[in-house]
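Visitor: Need the 3D shape of this:
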Amino acid sequence: MAARWASVLGLLLLLPLLPSASSSSMVFTLDGNVYPDGHFYVTVNIGEKEKEKPYFLDIDTGSNLSWLECDAGKGTCETCNKVPHPLYQLISKKLVPCAHQLCDAMHQDLGSTKKCMDSPRQCDYEIRYFDGASSLGVLVTDTFSFPMGHLVPSKRSDIAFGCGYDQVKKGDQKKVSVDGMLGLGRGSVDFVSQLKGQGLITKNLIHHCLSATGGGYLVLGEHELPPTQMTWVPMAPKISGKANHYSPGKATLQLDTKSVDTTPLQVVFDSGSTYTYLPPNLYKLLVSKMWPSLSKSLKLVKDDDPELRLCWKRPGGFKSSDDLKKEFKSVMSFKFGTGATMMIPPENYLVITESGNACLGMLWNEKLDMIVVGDITFQDQLVTYDNEKGMLGWFRTPCRKSSAIFSRI
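Guide: Okay, the predicted model is just below:
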């Protein structure tokens, strides 16, 4: 899918360059949570210096393209969601032409084919996610401001991203907690590749730490890691011409060290997914094998959140992770072919709702033949995507914002 680095660098040099930054990394504090927000997001200022505005962007390692909900100049956007800030305003001079190499690279990242006959002055895109969400828009470039650490002025650089003017059907607009997506995927026009290509970071590495109590931090570039405690697995190889994802290979889902199903499935790491998703058959097996271990005090209930299909109530309700551990004794895990294991305690597969219910955060999706690991399972783990060495790593740790370390050269 993605071009080799020499080609990537050539593409990114087409954008305006800045002098090399004085830091080998960028550290962003995160806001949001698994529930009720459903997103972990950064705040980024976008626009020319005197006109820049803040936007909330969901950190998404499952997307190769960053995009904002956007006013394309056709009046009120009836196919955009109700976002926290005024919609990004499209200016024609910011459009990337269809013939531009950045347009080629974007379509290669998305596994799609560009069509320049209808609209040669712009580079159209369409993204469809497995959960039914989508974005239709055009590729643009605009100025981003970046945090560079304590006592270091912010850096500014032009970044290519999508101006999404069609995300929902007319009349289906809903209030959402983010303005768009920060594409941290495994491509060549993803956010991190552009930063490295412009010298703002020195290495293509991503580290996120999502707190179970909300917030956390994101580090792009070099970051101090525990020398021995990290679990490492190689990324699955890329496939040319397809939208590639971060995958640690195949794994079996285990419940208390026993395999739920003996057939290993491909696993994908996707920080843009709130929950962890399973194929229907695996989900049914998991639920049936969970049932005998559940506390007798639990009562099956229907929650107000339609996405959470399996919920329980206990006398006095659920208020904390300690309450979860008292009623749910089983520990899940992913066992990889390399021998590595990712442990999933109750607080990483259950969510406490506003009604005081405990709901299973491992959901099923009929379109899937793989396992998509989302934010609920990533909570209180430092997860590293090392695109330099082709490795994925994780380490259990409290993800307080203050835990982020600024790495300096």
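Visitor: Kindly state the beta-bridge partners for the residue lying closest to Met391 once chain neighbours are set aside.
Guide: Distances taken as Cβ to Cβ, 6 or more residues apart in numbering put Trp232 closest to Met391, at 5.2 Å, once the chain neighbours are dropped. For the C-beta atoms, the positions are set from N, CA and C on the backbone; glycine is no exception. According to DSSP bridges, Gly393 are recorded as the beta-bridge partners of Trp232.
Visitor: how near is Trp232 to Ala212?
Guide: Here Trp232 is placed at a distance of 23 Å from Ala212 (Cβ to Cβ, to the nearest Å).
Visitor: and if you look at Val287?
Guide: Using Cβ to Cβ, one obtains 23 Å as the distance from Val287 to Ala212.
Visitor: Any stretches of the protein with poor pLDDT?
Guide: For the chain, residues meeting the criterion pLDDT under 70 lie at 1-23, 74-75, 147-153, 401-409.
Visitor: And it, what are its domain boundaries?
Guide: If you go by automatic domain parsing, the domain ranges for the chain are 5-221, 231-387.
Visitor: I'd like those written out as JSON lines, with mean neighbour count and distance to Pro398 added.
Guide: As requested, those are exported to JSON lines (neighbours: other Cβ atoms under 10 Å; distance: least, Cβ to Cβ, whole Å):
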{"stretch": "domain 5-221", "mean neighbour count": "19", "distance to Pro398": "7"}
{"stretch": "domain 231-387", "mean neighbour count": "18", "distance to Pro398": "6"}
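Visitor: and the ones you listed as JSON lines, adding distance to Gly393?
Guide: As requested, these are arranged in JSON lines below (distance: least, Cβ to Cβ, whole Å):
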{"stretch": "domain 5-221", "distance to Gly393": "9"}
{"stretch": "domain 231-387", "distance to Gly393": "4"}
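Visitor: Any idea which of these gets closest to Trp394?
Guide: Closest of the domains of the chain to Trp394 is domain 231-387, at 4.9 Å (criterion: Cβ to Cβ).
Visitor: wait, isn't Met342 in contact with Thr231?
Guide: Yes: in this structure, Met342 sits in contact with Thr231. The criterion is Cβ atoms under 8 Å, and the distance is 7.2 Å.
Visitor: circling back to that earlier point, hmm, Tyr385 and the residue nearest to Met391 touching each other?
Guide: No: in this structure Trp232 lies outside contact range of Tyr385 using Cβ under 8 Å: 11.5 Å.
Visitor: hey, what's in contact with both of those two?
Guide: Here Trp232 and Tyr385 have Leu392 as joint contacts, going by Cβ atoms under 8 Å, 6 or more residues apart in numbering.
Visitor: rewinding a little: against Lys284, how distant is the residue nearest to Met391?
Guide: If you go by Cβ to Cβ, the gap between Trp232 and Lys284 works out to 32 Å.
Visitor: How about Leu300?
Guide: With the distance defined as Cβ to Cβ, Leu300 ends up 16 Å from Lys284.
Visitor: got it, and Cys77?
Guide: Applying Cβ to Cβ to Cys77 and Lys284 gives a distance of 40 Å.
Visitor: Repeat that for Gln379.
Guide: The span separating Gln379 from Lys284 equals 25 Å under the rule Cβ to Cβ.
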